[in-house]
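Trainee: Structure of the sequence below:
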Amino acid sequence: MYLGWFDDNPKKAPALKIEEAIHAYVDRFKTRPNVVLVNEADRADINGVLVRSEGYIRRNNFWVGWEDAAKV
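Mentor: Next up is the predicted model:
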C-alpha cells in the first residue's frame, strides 16, 4: 500500500518534503514505511528508508510505502 504525497513548495528542501510524507504515512497506517519513490530531482537520503528515484514519478510527488524486497 502506498500513500501519494504532493508538495510543490519551492522553499522546502526535498528531504523535508520526504520526512513530511513519511509522517503522513505513519499517521494514516500506524507503521513506518521502508521505501519512498521520487523523481530524480527530489532525491535525498533519509535514515531507515530507501529513497528510490523512478522515471515515471513526476517532480514534487512522493509515493511512500512498504515493499518486502526493499533494502534500506
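Trainee: how about the helices in this protein?
Mentor: In the chain, the helices defined using DSSP state H lie at 14-29.
Trainee: Nearest residue to the middle of it?
Mentor: Taking Cα atoms, centre = their mean, the centroid of the chain lies closest to V36, which sits 3.3 Å from it.
Trainee: so it sits right up against I46, yeah?
Mentor: Yes: taking Cβ atoms under 8 Å as the definition, V36 is a contact partner of I46 at 7.1 Å. All C-beta atoms are positioned from the backbone trio N, CA, C, and that covers glycine.
Trainee: R28 and I22: what is the separation?
Mentor: 11 Å (Cβ to Cβ, to the nearest Å).
Trainee: These two: which is more packed in?
Mentor: Set R28 next to I22 and count neighbours by other Cβ atoms under 10 Å: I22 wins out with 21 against 11.
Trainee: Look at that one and report its pLDDT.
Mentor: pLDDT, I22: 98.
Trainee: which stretches of this protein aren't confidently modelled?
Mentor: For the chain, the stretches with pLDDT under 70 are 70-72.
Trainee: Do a quick rundown of the strands in it.
Mentor: 2-6, 35-38, 50-53, 61-65 (DSSP state E).
Trainee: which of those strands sits most buried?
Mentor: strand 35-38 (a mean of 23; mean count of other Cβ atoms under 10 Å).
Trainee: what pairs with that one, and is each one parallel or antiparallel?
Mentor: strand 50-53 (parallel), strand 61-65 (antiparallel) (DSSP bridges).
Trainee: Can you check which of those gets nearest to K12?
Mentor: strand 61-65 (11.7 Å; Cβ to Cβ).
Trainee: Which residues does that closest one contact?
Mentor: Strand 61-65 has contacts (Cβ atoms under 8 Å, 6 or more residues apart in numbering) with 1-7, 17-18, 21-22, 24-25, 33, 35-39, 42, 57.
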